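[1] I'd like to go over a predicted model; first the sequence, then the structure.
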Amino acid sequence: MTTNNEVLRRTQDRWTSPQAYALAAFCLVLGVALGYLFRGSASPTAAAAASAPAEASSAQSGPTVQQQKEVVDKAVAPLLASLQSNPDDFDTLVKVANIYYDGQQFPEALKYYERAVKLQPENADVLTDYGTSFWYMGDADKAIAEFQAALKSQPGRASTLFNLGIVRWQGKNDPKGAVQAWEELLRRNPNYPEKQKLQEFIDRAKQHAKG
């Protein structure tokens, strides 16, 4: 999975302002990463695939790309075999997509999320993950479109609104749009557990919008 250091590097590659570092710090406090947004359809299988490489190479700084790919390939193999006989098995498609997602193989994740979305086009969990995968591939516009589709299906969905705000701010340089998404999140989720921290983040985005 994406590490905190990787997240900070990605942030610094995109931003050089003080708001960038505040953005990174806030996300780390929330337990998410700027690039690694909230998941909509996390599964135990996906979590195992993501964590296994780190455990196998704990003596090093982290798993190599090849090590991670080997673990992911091993995890998806029986699921892909199952899809051979039942290619429209929604749950299996999502499990495969989740494993590729957590293994940072986003082109492959997109393929299986796309197939799942065709079967259940109003599934907000999968639409959120589909959008986040587009974000990882550098396509903020498609990410936003999928988040908006998820919110049309499930208005007020906290994780989707949070992701939408991140992508609007970081991907589209639209702090006003981010504020709109996060204020909607708080309005629809008055008991949001990170309410105070998110409000602080909203205030920073408003400051950034003022230039």
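    Thanks, I have it. Residues are numbered from 1 along each chain as shown.

[2] quick one: contacts for Lys176?
    Taking Cβ atoms under 8 Å, 6 or more residues apart in numbering, we find Lys176 in contact with 205, 209. The way it works is simple: take the backbone N, C-alpha and C, and place the C-beta from them, glycine included.

[3] Tell me how far it lies from Glu146.
    Distance of Lys176 to Glu146, computed by Cβ to Cβ, to the nearest Å: 21 Å.

[4] ok, now Leu164?
    10 Å.

[5] Give me the more crowded residue out of these two.
    Leu164 (28 against 25; other Cβ atoms under 10 Å).

[6] mind listing the helices for this protein?
    Assigned by DSSP state H, the helices in the chain fall at 4-14, 18-30, 44-56, 65-85, 90-102, 106-119, 124-136, 140-153, 158-166, 172, 175-188, 195-209.

[7] Switch the ones you listed over to a markdown table; also include mean pLDDT.
    Putting these into a markdown table (pLDDT from 0 to 100) gives the following:
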| stretch | mean pLDDT |
| --- | --- |
| helix 4-14 | 26 |
| helix 18-30 | 42 |
| helix 44-56 | 36 |
| helix 65-85 | 91 |
| helix 90-102 | 94 |
| helix 106-119 | 97 |
| helix 124-136 | 94 |
| helix 140-153 | 97 |
| helix 158-166 | 93 |
| helix 172 | 95 |
| helix 175-188 | 96 |
| helix 195-209 | 90 |
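
[8] wouldn't Trp135 be in contact with Asp141 here?
    No. Assessed by Cβ atoms under 8 Å, Trp135 is found out of contact with Asp141, at 10.0 Å.

[9] higher neighbour count, these two?
    Ranked by neighbour count (other Cβ under 10 Å), Trp135 and Asp141 place Trp135 first, with 24 against 10.

[10] Once you drop chain neighbours, what's closest to that one?
    Distances taken as Cβ to Cβ, 6 or more residues apart in numbering place Ala143 nearest to Trp135, at 3.9 Å, with adjacent residues excluded.

[11] Next, the contact list for Ala124, please.
    By Cβ under 8 Å, 6+ apart, Ala124 lies in contact with 40, 150-151, 153-154, 157, 160.

[12] neighbour-wise, which of those leads?
    Going by other Cβ under 10 Å, Thr160 tops those with 29 neighbours.

[13] Tell me if I'm right that that residue and Ser153 touch.
    No. Assessed by Cβ under 8 Å, Thr160 is found out of contact with Ser153, at 9.5 Å.

[14] Between these two, which contacts overlap?
    Contacts common to Thr160 and Ser153, judged by Cβ under 8 Å, 6+ apart, are 124, 127.

[15] Identify the residue spatially nearest to Leu127, adjacent ones excluded.
    Ala150 (3.7 Å).

[16] okay but the one you found is in contact with Ser159, surely?
    No. Using Cβ under 8 Å as the test, Ala150 is too far from Ser159 to be in contact (9.2 Å).

[17] Distance of the residue with the largest distance to the centre of the chain relative to Asp91?
    Distance to the chain centre peaks in the chain at Ser85, reaching 30.0 Å (criterion: Cα atoms, centre = their mean). Separation of Ser85 from Asp91 (Cβ to Cβ): 14 Å.

[18] Over to Leu185?
    According to Cβ to Cβ, Leu185 and Asp91 sit 28 Å apart.

[19] How about Ala209: what's its closest non-neighbour residue?
    Closest to Ala209 by Cβ to Cβ, 6+ apart is Pro175, at 4.2 Å.
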